[in-house]
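[1] requesting a structural model of the entry that follows:
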Amino acid sequence: MTTIPLHYTDASPSSKGIFQGRVAQCSAQKRKGLVRAHAATRAAAWSRQFLATALAAMLVASTALANTSAQDLPDVTNMSVEDLMQMQVTSVSKRAQSVADAPAAIFVISQEDIQNSGARSIPELLRMVPGLEVARIDENKWAIGSRGFNGRFDDKLLVLIDGRSVYTPLFSGVYWDIQDVMLEDVDRIEVIRGPGATLWGANAVDGVINIITKSAKDTQSALVKSEGGDEQLNADSARYGGKVADKGYYRVYAKYFDWNSSTGLGGQYAGDGWNQVRGGFRSDWTLTNTDSVTFQGDMYHSRDGETLTVPTLAAPYADTFGNVGEYSGGNLLGRWTHNYSNGSNVSVQTYFDRTNYADNNLFVDHENVFDIDFQHDFHLDHNNEIVWGAGYRSVQDRSDSTFTVMVDPSQGQYNLFSAFVQDEVGFLQDRLHVTVGSKFEHNSFTGFEIQPNVRFLAKVRKNQSVWGAISRAVRTPAITEQGLRLADAVVPPNVPPFNSPLPVIEAVYGSKQFKSEDLLAYEVGYRVDVTKSLSADISAFYNDYTNLRSAEPGTPFLEGSPVPTDVVYPFVAENKMSGGTYGIEPFFDWKAMPRWKIFGSYSYLQMNIRKNADSLDPTPDIPNGSNPKNQVFIQSSVDLPWHLEQHLSYRFVGKLAGIGVPSYSSVDAGFSWKPMTNLQLSFDGQNWLDNRHLEFMPDFINTVPTVVSRTFYGSVTWDFDKR
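    Next up, the predicted model:
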């Protein structure tokens, strides 16, 4: 590899960090006539389908309405504030405990919240969580982060579905477009803001999202749902639950949806429409009085559209085109639990997860994950509870490269061995609980990692508690951070800043020397039940980060043999950023009237991430400007006469100064009608205040930035034999 000197001016290169790309802009008129005709045709087809379905359902409803008593209709706001505080959660301590007793910044989205939200997907549900930044990048991509560092692949947020990690080691993040379940089958979503690494391991740095579905026993009915609108053209799902003898319950489901393409920031056709089909099952068995087993699995196939701009070595040195990526895969999970007579329990969980990603003009990857986890929970005495466990995970990854994206080596196996122990001790007649624990891991990238924490929770009064925590967490390298080559842009010959006689490829490279990012987190919180109908919660934090990822300029070199064809100007992944973040996250639950509930939250975040003195990276501090300082969320849900329920939510999101996204406000509102216990008709609208706003800019590969538009949709849900 021969190096050559280049004339380099003081202008900043276009690379904005290890995964930052320049945004491609398309012509405002490109394919505009095509998208109008396509949207009109699909909208008309959906309108006829939905109208026919709605009329048929309303006819059935009106026939049975006279025979349906008001007592048969559930009150969707029947959960009291006290019930919310006593809701059982498992994500904080890997054992059941109430929200009020959890020494962490935890927020729970219940099934009631899901019903009242009008949300169509998990990312839309997560908008209500204080401390989370949730932004739509385009029709099929989301940026979801906790307490900063948001992006399409937030590398510091661990996401689980029924205990199965969906965090990809390829890019260190989550493919949100393939994480889906039937929302009617979700029991709750537990969200921890702050480190959860002591129990959940590396990469649970700034938060943990645990999506927990209902047991098969709780879904013993047949459910059919059809919905559609001007953006989500149609979405149909069905689930059936049954019983085997007296010991087993099961359910199976299938789901399909199709979304229209959105509009680019310049008014152009974005080409980001997508569709997905998936299905799965869950089976829960009670083998004996002390033993239970769960089996579950899913399969899916998704086609995601986007408009890409990729660099080329021929004039005009960039190519913009519509691209379609395909995701497919599946998973199988088994869990055995044994409960001892003394109150202790043992569980063993194992799963296999396969993901195939084929973005044919960009990158192809096949990922297999095998995981097994053991856990034992027991009491030394009534004031001392210990949870410990061990696990093993194997990741096999194989990729096919293109000119734009290449991973070296193209295939490999990566192993993770782990163990943890946590001890919770009660003092002062159970009014003070102190928890001490640590996770011990050995991974294929950086070797041995230790992630300890100390937590306490003190009950000041029966209705008040305070908690605090000090934790260490690490974010281990992704496969791409050690072996990536990403061609970010090509600068034509004799053009500044390089003025090279050959084309210059600005490329991002991984490095075998890249090591784990470190966090030392300090947290405090206060909870109070002000009255039986009003509760409040406030959390504050300070996070101290070291060894954060930066992209350091390397030595340029020639490519091509025997005649050089281009020059590569590399930016190499190193750990030369550090700094701190701090913020507060207050929220309240208020049952203003027996059938009217109001929830509100505010989030403040201040980031001060900077390059170290030895960093040569000339790009700006991207993390500081990719997250809003201020966020507000207010939601109201009320039961109205005639079996109507109305919900309304307001969001304010502050500007993202570093990536050019202005602040915006959004109002979503809708209503549902339950003429019968097992029938629900709903109508919802999003973004009532404005017809379009920008929420995020693409930060991975050069895709077209899109706007979020005003949209309307309706649904019909029939739950047969509902108990």
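[2] rounded mean pLDDT for stretch 590-602, please.
    Across stretch 590-602, pLDDT averages out at 94.
[3] got the CA coordinates for it in CSV?
    Provided in CSV are the C-alpha atoms of stretch 590-602 (Å, rounded to 0.1, in the frame of the first residue of the first chain):
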residue,chain,number,x,y,z
TRP,A,590,-53.7,12.2,37.4
LYS,A,591,-57.1,10.7,37.4
ALA,A,592,-58.9,14.0,37.2
MET,A,593,-62.3,12.3,37.2
PRO,A,594,-63.4,8.6,37.5
ARG,A,595,-63.4,8.3,33.7
TRP,A,596,-60.8,10.9,32.8
LYS,A,597,-57.0,10.3,33.0
ILE,A,598,-54.2,12.8,32.2
PHE,A,599,-50.5,12.0,32.0
GLY,A,600,-47.8,14.6,31.5
SER,A,601,-44.0,14.6,31.3
TYR,A,602,-41.1,16.9,30.7
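[4] can you give me the buried ones in it?
    Trp590, Lys591, Arg595, Lys597, Ile598, Phe599, Gly600, Ser601, Tyr602 (16 or more other CB atoms under 10 Å). The C-beta positions use only the backbone N, C-alpha and C, and glycine is treated the same way.
[5] what does stretch 348-367 give?
    Neighbour count says stretch 348-367 has 349-355, 357, 359, 362-367 buried, by 16+ other CB under 10 Å.
[6] in strands, which of those appear?
    349-355, 357, 359, 363-367 (DSSP state E).
[7] just give me the closest of these to Val567.
    Nearest to Val567 out of those is Phe363 (CB to CB; 23.6 Å).
[8] how about that closest one, what does it touch?
    By CB atoms under 8 Å, 6 or more residues apart in numbering, the contact set of Phe363 is Tyr357, Ser399, Asp400, Ser401, Thr402, Thr404, Val405.
[9] any of the residues you listed buried? List them.
    Tyr357, Ser399, Thr404, Val405.
[10] now, which of those lie within strands?
    Those of the buried ones among the contacts of Phe363 lying in strands (DSSP E): Tyr357, Ser399, Val405.
[11] show me what counts as buried in the helix or strand that contains Gly279.
    Gly279 is part of strand 274-286 when elements are defined by DSSP states H and E. For strand 274-286, a neighbour-count test (16+ other CB under 10 Å) marks Trp274, Asn275, Gln276, Val277, Arg278, Gly279, Gly280, Phe281, Arg282, Ser283, Asp284, Trp285 as buried.
[12] nearest spatial neighbour of Asp529, chain-adjacent residues omitted?
    Asn463 (4.1 Å; CB to CB, 6 or more residues apart in numbering).
[13] now the one you found: phi and psi?
    As for Asn463, its main-chain torsions (degrees, to the nearest 10) stand at phi -110, psi 10.
[14] distance check, it against Pro103.
    17 Å (CB to CB, to the nearest Å).
[15] with neighbour numbers in mind, choose between these two.
    Between Asn463 and Pro103, counted using other CB atoms under 10 Å, Pro103 has the larger neighbour count: 25 against 16.
[16] can you tell me the SS state at that one?
    coil (DSSP: H, G, I helix; E, B strand; the rest coil).
[17] strand partners of the strand holding Gly279, parallel vs antiparallel please.
    Partner strands for strand 274-286, per DSSP bridges, with pairing direction: strand 248-259 (antiparallel), strand 291-311 (antiparallel).
[18] let's have those strands in JSON lines, adding mean neighbour count and distance to Ser121.
    JSON lines is the format used below for the strands paired with strand 274-286 (neighbours: other CB atoms under 10 Å; distance: least, CB to CB, whole Å):
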{"stretch": "strand 248-259", "mean neighbour count": "19", "distance to Ser121": "9"}
{"stretch": "strand 291-311", "mean neighbour count": "20", "distance to Ser121": "13"}
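[19] helix or strand next in line after the single longest strand found in the chain, which one?
    Once the chain is assigned using DSSP E, the strand that runs over the most residues is strand 566-593. Following strand 566-593 in sequence order, the next helix or strand is strand 596-611 (DSSP H and E).
[20] just checking, next helix/strand downstream of that next one?
    Next helix or strand after strand 596-611 toward the C-terminus (DSSP H and E): helix 622-625.
[21] so what secondary structure elements neighbour that following helix?
    strand 596-611 (3 or more CB pairs under 8 Å, 6 or more residues apart in numbering; DSSP states H and E).
[22] what angle do strand 566-593 and the strand it packs on make with each other?
    150 degrees (axes from the mean of the first three to the mean of the last three CA atoms, to 10 degrees).
[23] ok, strand 596-611: who's next to it in the sheet?
    Strand 596-611 sits in its sheet next to strand 566-593 (antiparallel), strand 630-640 (antiparallel), going by DSSP bridges.
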